[in-house]
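Undergrad: predicted structure and sequence below. I'll ask about it afterward.
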Amino acid sequence: MIEIAAGIAVANGALALIKEVSGAFEKKKPHEVREALSEIREKVLDLQSALQDAREREAQLREEIAALKQQADTERQLEDEKGLLYALDDDGQRTGEPYCNHCYVKESKLYRLDVHGYGRSHYCNNCKNVSGYDVNQDSSENGTAYDSYMAD
């Protein structure tokens with residue numbers, strides 16, 4: 001792929017050849033004029049290719065920027081609490097059941113978690129991760145010991 005700098009160099013070469021052709025016209029040397037015109041044609045075709053490559057690269061970069069902006073917007077609308085991702089409304093309040101943080105990190109996709117274990121934990125149907133209160137651990141001072149683990 002020809003980069004923009006290379007395209008500019010090709011254009012400068014074509015302009016130098018045009019200057020050379022002008023000099024050949026003044027000296028009335030048709031054979032030099034034909035050679036120079038042929039070289040100019042090649043340079044213009046190279047320039048056309050370089051501009052097409054640059055246009056395609058620009059479009060690709062614009063798509064990447066849009067995707068990154070979308071990802072940043074999505075992340076601003078999520079709140080992570082102890083491995084559970086909650087969607088936030090316009091007022092910053094949580095809405096609905098949480099999403100699986102594991103799947104979001106691994107796949108960049110949001111999967112809703114199902115309530116599991118008498119409301120004490122959440123289960124992801126995609127990765128089978130169970131997140132929530134681990135009844136096998138001692139309770140913390142407020143009675144909310146927390147653990148996230150992969151189910152077998």
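TA: Arrived safely.

Undergrad: for the rest of this, base every contact and every neighbour count on C-alpha atoms.
TA: Fine.

Undergrad: can you read off the pLDDT for I65?
TA: On pLDDT, I65 comes in at 96.

Undergrad: so what does the host helix or strand of it touch, helix or strand wise?
TA: I65 is part of helix 30-76 when elements are defined by DSSP states H and E. Other elements packing on helix 30-76 under the criterion 3 or more C-alpha pairs under 8 Å, 6 or more residues apart in numbering; DSSP states H and E are helix 4-27.

Undergrad: name the residue closest to the centre of this protein, please.
TA: Geometric centre of the chain, nearest residue: E64, 3.5 Å, by C-alpha atoms, centre = their mean.

Undergrad: quick one: that one from V105, how far?
TA: Distance of E64 to V105, given as C-alpha to C-alpha, to the nearest Å: 19 Å.

Undergrad: same thing with G13?
TA: The value you get for G13 to V105, if C-alpha to C-alpha is used, is 50 Å.

Undergrad: between those two, which is the more surrounded one?
TA: G13 (16 against 10; other C-alpha atoms under 10 Å).

Undergrad: from R57, how far off is that one?
TA: G13 is 23 Å from R57, by C-alpha to C-alpha.

Undergrad: swap in A66?
TA: The value you get for A66 to R57, if C-alpha to C-alpha is used, is 14 Å.
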